[in-house]
Structures are given as C-alpha cells and as structure tokens.
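In: mind looking at a prediction? Sequence and model below.
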Amino acid sequence: MKLADVINKNTFLITGNFNDTDEFYDAFAELLKKRGMIKDHNKVRRLFIKREKIQSTAIGKGVATPHIFSDEFEDFFIGVALIKDGMPYKAPDNKNVKLVFLIMSNDRYVSFHLKSLANIARIISKTDVLPEVTGIENEEDLYNKIIELETRLENG
C-alpha cells in the first residue's frame, strides 16, 4: 500500500500550534466537517481523544499516527497535519509533535490501518522527515514531499 493512494489532500491542515491534543482533534474534526468528509464533528473528535487517552499515538521524531474507526467514514483515508511550532503529545522521546498522520476509516479496513501504520513507521525510522517538511506552506507541497520520501525509500 502506497501513501500516495490513501492520503487525502482534502484533509490536510497546516497551522502554527495547538496547546494540546484535545484542541488539535477538535480543529481537525471541524476541518473534516467543513470539507464534507463527516457529519458529526463531536463524534469524530471524541473518538480521537478517546484513542489518545488509551495510549499516546506519538511515535517519536516529532510524528504521531492517531487512528480511529467510525461509521462516519465511508472509505479508508489518511489526513496530514503539519503543526509548525509543535505541540505536546506525550511522545516516547519527549519531543513535541509537528507532523501528524491521521488514519481514518470504518471498521472494514483494519488491515489498511496496519499496513499504513507500518509504512509510516518505516518512513519515519529511515528518514529525517521533520527537516524535510519544515518551511512547507501549502498542502500540495506537503503531499509531494511525503510521497517523495516514500519513493526515495522504495528506490533505495
């Protein structure tokens, strides 16, 4: 599974900062609602917050991978948020998170969640992604950079 096939550019968020994950998930759920991706902003916000309370989805190196299932989603897709100033996220390396891959679907796509988590983890472990995305100002450039990093790994 390639990220290029499942990242939805309509769900990109580039912003300065958030005080905490609750504020971030509220803003992201609102973005999904405004863009017609979901109907119930509060339901999606609560699912992300609930998932985060179970265990932090930060994986280190300034990256987090929250993932939820809901009947709000018709398909599997990944949203991306670039938080330029970072935010606290209870990361294992204690670093603020600046890049978030939000993995969403209904419960028919469990295997897609696992494959995408593995693919994102591989990219994060084998590249220094944050310097690559620092300074990006628009969704198209962010999408292209993520795909470029994935392609670089595939081509060795």
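Out: Yes, it's here. Numbers count the residues shown, from 1 in each chain.

In: do me a favour and get the end-to-end distance for stretch 95-113?
Out: Terminal residues of stretch 95-113 lie 24 Å apart, using C-alpha to C-alpha, to the nearest Å.

In: what about it, average pLDDT?
Out: For stretch 95-113, the mean pLDDT works out to 93.

In: how about it: buried residues?
Out: 95, 97-105, 109, 112-113 (16 or more other C-beta atoms under 10 Å). Just so you know, the C-beta spots here come from the backbone N, C-alpha and C atoms, and that holds for glycine as well.

In: just flag the most distant two among those.
Out: Farthest pair in those (C-beta to C-beta) is 95 and 109. Separation: 29.7 Å.

In: and of the buried residues of stretch 95-113, the nearest to residue 24?
Out: Using C-beta to C-beta, these come closest to residue 24 at residue 100, 7.5 Å.

In: pull the distance from the strand or helix carrying that closest one to the chain's centre.
Out: For residue 100, the enclosing helix or strand under DSSP states H and E is strand 97-105. Centroid separation for strand 97-105 versus its chain: 1 Å, with C-alpha atoms, centre = their mean, to the nearest Å.

In: now do the SS call for the residue lying closest to residue 26 once chain neighbours are set aside.
Out: Spatially, and ignoring its direct neighbours in sequence, residue 26 is nearest to residue 45 (5.2 Å; C-beta to C-beta, 6 or more residues apart in numbering). Classification of residue 45 by DSSP: H, G, I helix; E, B strand; the rest coil places it in helix.
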